[in-house]
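In: 3D model of this:
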Amino acid sequence: MVLNLTLNFEDANDSVVPTLTRSIIGTLNYVLFMTVGNGLCVLIIDFEHYGGDPQKRTLINQMISFNFMCLIAQAIIAGSIAEVVTLTGPVGETLTAVFISAHFGASMACLLSLVEQLGVRCLISFAWKNLSHLNDDFFGLFLKLFNLMITLELSAIFIMLDFHLNRENVRLTGIHRSLIPSTR
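Out: Sure, this is the predicted structure:
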């Protein structure tokens, strides 16, 4: 079964105009998720840093707290732009590119971190008998910076490919792809 989507600019223009109901519900969701969701993430990070024995932060715990920090950054940046779209309508190309970059970058950093956690656990279980001479703090910082560099590069590629001007992002940009002049 093929799903055929056709989108006229007039239809897209009608659907991006915010209504009062959409604005109220969007604002309530934003406030609820930003305060409760980010508050819980901060509590998890705080417990990971200072709960138990703070002198022994394992690599896995450092990567878990990195995941939660990425989720908080994604919620603040992408959530704020989504709330502006909910209240005022389309925000243009620049903020849409920031929204897509923040959303994609944080998601990709979390996924890379999860894969690295699984890899480290497998190596601990199967290959490395004397893993104690690895410095967890150095290795954790290296993996965090590596993840951020990879996601920044991928986000830049997404922006260069004009991914933010996709058909799905008409609600954010207010610009339909068919109205953009071709440079080829």
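In: helix or strand right after the worst-scoring helix or strand of the chain on mean pLDDT?
Out: Here the helix or strand of the chain ranked lowest by mean pLDDT, DSSP states H and E is helix 9-16, holding a mean of 48. The first helix or strand that comes after helix 9-16 along the chain, using DSSP states H and E, is helix 20-32.
In: hmm, who's touching that following helix?
Out: 18, 79, 82-83, 86-87 (Cβ atoms under 8 Å, 6 or more residues apart in numbering). All C-beta atoms are positioned from the backbone trio N, CA, C, and that covers glycine.
In: and those residues, which two are the farthest apart?
Out: P18 and G79 (16.1 Å; Cβ to Cβ).
In: which one of these two is surrounded by more residues?
Out: The neighbour count for P18 versus G79, taken as other Cβ atoms under 10 Å, is higher for G79 (19 against 15).
In: which residues sit in contact with that one?
Out: G79 makes contacts with 30, 33-34, as judged by Cβ under 8 Å, 6+ apart.
In: do a quick rundown of the helices in the chain.
Out: Using DSSP state H, the helices of the chain run over 9-16, 20-32, 38-50, 59-88, 93-122, 136-160, 170-173.
In: right, so those: which one is the most enclosed?
Out: Of the helices of the chain, the one with the most neighbours on average (mean count of other Cβ atoms under 10 Å) is helix 170-173, at a mean of 22.
In: my guess is N61 contacts E48. True?
Out: Yes - counting by Cβ atoms under 8 Å, a contact exists between N61 and E48, whose distance comes to 5.3 Å.
In: if we can go back for a sec, just the contacts of helix 20-32 now: which is nearest F146?
Out: Nearest to F146 among the contacts of helix 20-32, with distances taken as Cβ to Cβ, is G79, at 26.1 Å.
In: that closest one and L32, how far apart?
Out: Distance from G79 to L32, counting by Cβ to Cβ, to the nearest Å: 11 Å.
In: cool, T19 as well?
Out: 20 Å.
In: low-confidence regions, this structure specifically.
Out: Across the chain, the ranges flagged by pLDDT under 70 are 1-18, 52-56, 127-134, 162-171, 173-184.
In: which residues are in contact with A78?
Out: 99, 102-103, 106.
In: and those residues, which is closest to K144?
Out: For the contacts of A78, the nearest to K144 is A106 (12.9 Å; Cβ to Cβ).
In: my guess is the closest one contacts L71. True?
Out: Yes - here A106 reaches L71: they are 6.5 Å apart, a contact under Cβ under 8 Å.
In: shouldn't I44 be in contact with F66?
Out: No - counting by Cβ under 8 Å, I44 does not reach F66; the two are 11.7 Å apart.
In: distance of G51 from R57?
Out: Where R57 is concerned, G51 sits at a distance of 10 Å (Cβ to Cβ).
In: more neighbours: which of those two?
Out: Taking neighbours as other Cβ under 10 Å, G51 and R57 compare with R57 leading, 17 against 11.
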